[in-house]
Each structure stands twice: as structure tokens, then as C-alpha cells.
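*Asks:* this one's sequence-less:
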């Protein structure tokens with residue numbers, strides 16, 4: 001029973017980490033979490049890196065505290081750095097003026113994945129109206145414009161990349177511990193996805209993070 005529960009816990013944790021890329025996102029994966037989790041799975045899950053967060057999320061689903069199409073922001077994988085999904089209980093103002101849409105379209109057409117262009121996007125009034133939910137707010141607002149939606153994904157990826165760069169830089173300045181080693185190991189797929197965007201310096205940081213994992 002313990003071995004089977006451990007395998008299920010690991011599989012659900014992998015699903016949790018990939019939720020941002022799954023059609024239906026949280027509504028889809030939450031159904032699986034509820035169907036396949038019992039007390040034994042929760043026990044094994046809490047032993048895994050980042051498993052405690054997923055276990056809390058599932059317990060919130062089971063109690064009804066979290067709606068089936070949602071997740072508490074503090075329990076999002078990777079600290080919410082991946083593309084943010086809009087959930088059933090989000091209070092996001094939808095729509096924007098024609099002038100705001102035009103300015104956003106111009107910025108997206110000129111966008112390059114560097115800090116200067118990312119800051120320019122964030123400073124647009126059309127973006128700032130959404131506050132810290134800017135990624136999700138714009139994604140909803142341009143959902144009927146496939147051309148802009150695809151360009152917005154590039155902005156989301158750039159934001160994730162710069163966030164991971166900053167986080168990786170901070171971690172490498174710390175004294176390695178078992179806890180930070182486990183966190184880096186859990187997030188390594190994301191580092192491997194985004195750090196190569198920074199060329200040689202990104203690959204160098206990725207190598208340092210891999211060494212960080214084995215340094216304890």
C-alpha cells in the first residue's frame with residue numbers, strides 16, 4: 001500500500017507542476033486530485049519536495065474551502081511564476097478600450113524578450129489596471145484575438161524567465177541546505193526550460209544550480 005501510495009503521490013505532484021500547460025488547467029487537474037487522493041497518498045505526498053503545498057491544496061478542495069476550478073494563490077506551483085490561469089472566483093475586470101488595445105498591440109508587435117521591453121509592457125495603462133494579476137487579466141482580454149494571445153504568451157514566458165533568473169541568483173548566494181537543495185531540485189525543469197533563453201550566462205547559471213543540488 002505504501003509503495004502504491006508513494007507512486008500516486010509522485011504522479012499527482014508531477015501533474016500539479018504541469019497544470020499551467022493542461023487544457024482546463026485547475027478544473028481539470030483538481031478532479032484528478034480528488035479522485036485519486038486518500039489519507040495514505042496525502043501522507044506520502046507530504047514527504048516529497050513541494051508536496052506539502054499540494055497536500056494543503058487537496059485538503060482545501062476536500063473541505064470545500066477552495067472551489068474546484070481554483071487554487072489558493074500561495075499554493076500555486078513555482079510561486080505562481082508560470083502563466084497564471086484565470087479561476088472561477090477571480091475578480092478580474094474584463095475588457096479594455098480601443099485605444100488601450102491598440103497601444104497593447106503595438107507594444108506586443110515590437111516586443112523582444114529583454115528587460116527593457118518587458119518593463120515597457122508592464123508600464124502600459126492597459127496592463128497596470130490589472131495590478132498583480134496583469135498576466136491573467138491581459139490574457140483574458142485578448143482571448144478572442146489569437147494573434148495577440150500568441151504574442152502575450154511570449155511576454156508570460158519572458159516574465160517567468162526573468163523571475164527564475166532573479167530567484168536562481170539569490171539561491172546561489174545562499175549557503176546550501178537540504179531544504180534549498182530540495183526546492184531547486186523540484187524547480188529544476190523550469191530552470192532548464194527558461195535559463196537557456198539567456199544564452200551562455202543562462203547555461204552557466206543552470207550548471208551552478210545543478211551543482212548546488214549535489215553540494216549538500
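*Replies:* Structure received. This is a predicted model, so every value here is computed, not measured. Numbers count the residues shown, from 1 in each chain.
*Asks:* Just give me the longest helix of this protein.
*Replies:* helix 146-172 (DSSP state H).
*Asks:* what angle sits between the strand or helix carrying residue 137 and helix 146-172?
*Replies:* Assessed by DSSP states H and E, residue 137 sits inside helix 134-141. Angle, helix 134-141 to helix 146-172, by axes from the mean of the first three to the mean of the last three C-alpha atoms, to 10 degrees: 170 degrees.
*Asks:* Which elements pack onto helix 134-141?
*Replies:* Contacts defined by 3 or more C-beta pairs under 8 Å, 6 or more residues apart in numbering; DSSP states H and E place helix 134-141 against helix 125-128, helix 146-172. C-beta here means a position set from N, CA and C on the backbone, and glycine is covered the same way.
*Asks:* in terms of contact count, name the helices or strands touching the last one.
*Replies:* For helix 146-172, the packing partners by 3+ C-beta pairs under 8 Å, 6+ apart come out as helix 98-109, helix 115-122, helix 134-141, helix 178-194, helix 199-213.
*Asks:* again, only this time at 6 Å
*Replies:* helix 134-141, helix 178-194, helix 199-213 (3 or more C-beta pairs under 6 Å, 6 or more residues apart in numbering; DSSP states H and E).
*Asks:* how's this protein carved up into domains?
*Replies:* 2-80, 99-216 (automatic domain parsing).
*Asks:* Rounded mean pLDDT for the first one, please.
*Replies:* This means domain 2-80. For domain 2-80, the mean per-residue pLDDT is 83.
*Asks:* can you list contacts of stretch 49-58?
*Replies:* Stretch 49-58 has contacts (C-beta atoms under 6 Å, 6 or more residues apart in numbering) with 13, 16, 33, 37, 42, 45, 46, 71, 75, 182, 185, 186.
*Asks:* For the third one, grab phi and psi.
*Replies:* What it means is residue 33. Backbone torsions of residue 33, given as degrees, to the nearest 10, read phi -60, psi -50.
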